[in-house]
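In: Quick one, fold the following:
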Amino acid sequence: MTSRDTATAPEIPATLGQRLREARVARGLTQSQLADSRFSKQYVSQLERDQLRPTDETLHWLAKRLEIDPSYLATGVDGRERDRVKSVVVRAEAAVESHDYAEAIELLMEVKEALPSEAAADVELRALLAESWARMYIGEMREALPLLTRAREIAEDPVFSDVDRAEVLFRLGCCRYRLTSVSTALALFTEALELAERSGIPCDRLRSRIFGWRSRCYRRQRDWEAAREDVERALELAEALDDPRATADAHFLGALIAERRGQWVAARAYAERAKLLYEQVEDRANTGKLLTTLGGLTFLLGKPDESIPLFKQAFAVALEVGSDADAAQAVSSLAQVHLRTGEVELAEEQARHALELLADRVDFIDEIGNAQLVLGRSLLEQGRLDEAAEKFRAAEASFDQLSSASHKAAAWTAQAELAVERGDRDAAITLYQRTVQALQDFRF
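Out: Numbering: from 1, shown residues only. Model prediction:
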């Protein structure tokens, strides 16, 4: 962390003339001394009052005389400091790419105070995008969104292209999706795609990512055909780029869509292909996520004994890469297997563990609801009806934030089963009727 105090840091003079005068005074030179035999004192005076603009040759001569960077004199940006900040931002971007989000944030904090005054706008934009992405993935949405709002303001400057603006909108859409604002996210992804496509600038990797994330919105809205089409477009672009990571991402999404449609064999084929590609690029974090998905598909294909080792491997990988959220999803899925195979006490223990790991991760509200539902069912199976009722209400409240009828229907079904256990026939009928009215499509 830098010790520099932004409240007391001197402001950089706004104009070239002001910067020239400040640098001359700092060197202890008069206007005549600065002019030397090359210029007149009056010429230097006119430059300092911004009445004249020096040529590039003159600018470099003055900078050499004053022993400062020419780019600082011309723009207020010290080229050497800019290069230093840029190198840190590049390292932070690499850390984000390798899922080392804490490292990325720490690096960016080192130069954060330098960005507004000493780094060019393009470097500041890259820093904002890297930090917001890192914070999004560790669940700090309240911190990520203001960064993206600032990035959006910067990108409106004419020096930036429509691709730059599309990148910002894409990342805003990702944050909104993870906050369950699916309709807003869908609109942002569509706008980002339109900007990218009309820019005329090659940006197929960005377009592939937009298609992939937009497919998640369609999947959440149960628009399977639109989701499938977007995944196919994402995959086509990624393969044309020969980009194994982007191709893996598209296959992963294909697995999720096929799973939700009950096409478990096809889903497993997508997942196995994605896992192989992630292993090729040594992406341990996504490899772990694929193990969880493969474990669920293996269970759905009637092989519970084979699914358990996959979940345990996924849990181990998540701990290795430091992702509590991924660890929670693995142990939550494991809890579902134990619940469905009659090991209700173990299911209870694992569901509680998943909820502890997820804590206040509002961006994983669906998984929180899943774990609450499994916990409630395990309590119901043990005859602890009041505790089960509490967990079912909590699951319904979680699913309500998703605006997903199918998720809420799962909670209503569980509550109806509890009402039957209590002998409350009327309540059970009401809950079952409510469930029938919603299309149930609850993910394993």
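
In: CA only for contacts and neighbour counts going forward, please
Out: Fine.

In: Check which residues of the strand or helix carrying residue 332 are buried.
Out: In the assignment (DSSP states H and E), residue 332 maps to helix 324-340. Judged by neighbour count using 16 or more other CA atoms under 10 Å, the buried positions of helix 324-340 are 324-339.

In: so where do the helices sit in the stretch 301-444 of the chain?
Out: In the stretch 301-444 of the chain, the helices defined using DSSP state H, counting those that start in this stretch lie at 304-321, 324-340, 344-358, 365-381, 385-400, 405-422, 425-437.

In: Can you check which of these gets nearest to residue 192?
Out: Closest of the helices of the stretch 301-444 of the chain to residue 192 is helix 365-381, at 25.7 Å (criterion: CA to CA).

In: My guess is residue 205 contacts residue 239. True?
Out: No. Contact between residue 205 and residue 239 fails when scored by CA atoms under 8 Å: they sit 10.1 Å apart.

In: Redo the helices of the stretch 301-444 of the chain as JSON lines? Include distance to residue 190.
Out: JSON lines is the format used below for those (distance: least, CA to CA, whole Å):
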{"stretch": "helix 304-321", "distance to residue 190": "32"}
{"stretch": "helix 324-340", "distance to residue 190": "28"}
{"stretch": "helix 344-358", "distance to residue 190": "30"}
{"stretch": "helix 365-381", "distance to residue 190": "24"}
{"stretch": "helix 385-400", "distance to residue 190": "25"}
{"stretch": "helix 405-422", "distance to residue 190": "24"}
{"stretch": "helix 425-437", "distance to residue 190": "31"}
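
In: Can you lay out those as a markdown table showing distance to residue 31 and mean pLDDT?
Out: Output for those, formatted as a markdown table (distance: least, CA to CA, whole Å; pLDDT from 0 to 100):
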| stretch | distance to residue 31 | mean pLDDT |
| --- | --- | --- |
| helix 304-321 | 60 | 95 |
| helix 324-340 | 63 | 95 |
| helix 344-358 | 65 | 96 |
| helix 365-381 | 66 | 95 |
| helix 385-400 | 70 | 94 |
| helix 405-422 | 75 | 90 |
| helix 425-437 | 84 | 87 |
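
In: Please identify which of those is closest to residue 272.
Out: Across the helices of the stretch 301-444 of the chain (criterion: CA to CA), the nearest stretch is helix 304-321, sitting at 12.4 Å.

In: now the closest one and helix 324-340, what's the angle there?
Out: Orientation note: helix 304-321 sits at an angle of 160 degrees relative to helix 324-340 (axes from the mean of the first three to the mean of the last three CA atoms, to 10 degrees).

In: elements contacting helix 304-321?
Out: With contacts defined as 3 or more CA pairs under 8 Å, 6 or more residues apart in numbering; DSSP states H and E, helix 304-321 has these neighbours: helix 284-300, helix 324-340.

In: ok now the first one, how far from the chain's centre?
Out: Taking the mean of its C-alpha atoms, helix 284-300 sits 20 Å from the chain's own mean (CA atoms, centre = their mean, to the nearest Å).

In: swap in stretch 375-385?
Out: So, by CA atoms, centre = their mean, the centroid of stretch 375-385 is 36 Å from its chain's centroid.

In: Tell me how many other residues surround the nearest residue to residue 378 once chain neighbours are set aside.
Out: Closest residue in space to residue 378, ignoring its immediate chain neighbours: residue 344 at 5.0 Å, by CA to CA, 6 or more residues apart in numbering. Applying other CA atoms under 10 Å, we find 23 residues neighbouring residue 344.

In: on that earlier part again, and for the helix holding residue 332, what are the contacting residues?
Out: Here helix 324-340 makes contact (CA atoms under 8 Å, 6 or more residues apart in numbering) with 288-289, 292, 296, 299, 304, 308, 311-312, 314-319, 344, 346-351, 353-355, 357-358, 361, 364, 367, 370-371, 374, 377-378, 444.

In: Keeping just the C-alphas, turn that helix into PDB.
Out: In PDB, the C-alpha atoms belonging to helix 324-340 read as follows (Å, rounded to 0.1, in the frame of the first residue of the first chain):
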ATOM      1  CA  ASP A 324     -15.300 -20.800  -0.500                       C
ATOM      2  CA  ALA A 325     -18.200 -20.300  -2.900                       C
ATOM      3  CA  ASP A 326     -17.100 -23.200  -5.200                       C
ATOM      4  CA  ALA A 327     -16.400 -25.300  -2.100                       C
ATOM      5  CA  ALA A 328     -19.900 -24.600  -0.800                       C
ATOM      6  CA  GLN A 329     -21.500 -25.700  -4.100                       C
ATOM      7  CA  ALA A 330     -19.600 -29.000  -4.000                       C
ATOM      8  CA  VAL A 331     -20.500 -29.800  -0.500                       C
ATOM      9  CA  SER A 332     -24.100 -28.700  -1.100                       C
ATOM     10  CA  SER A 333     -24.400 -31.100  -4.000                       C
ATOM     11  CA  LEU A 334     -22.900 -33.800  -1.800                       C
ATOM     12  CA  ALA A 335     -25.500 -33.100   0.800                       C
ATOM     13  CA  GLN A 336     -28.200 -33.600  -1.900                       C
ATOM     14  CA  VAL A 337     -26.800 -37.000  -2.700                       C
ATOM     15  CA  HIS A 338     -26.700 -38.100   0.900                       C
ATOM     16  CA  LEU A 339     -30.300 -36.800   1.400                       C
ATOM     17  CA  ARG A 340     -31.600 -38.800  -1.600                       C
END
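
In: got the angle between it and helix 344-358?
Out: Using the same axes, to 10 degrees: helix 324-340 against helix 344-358 is 160 degrees.
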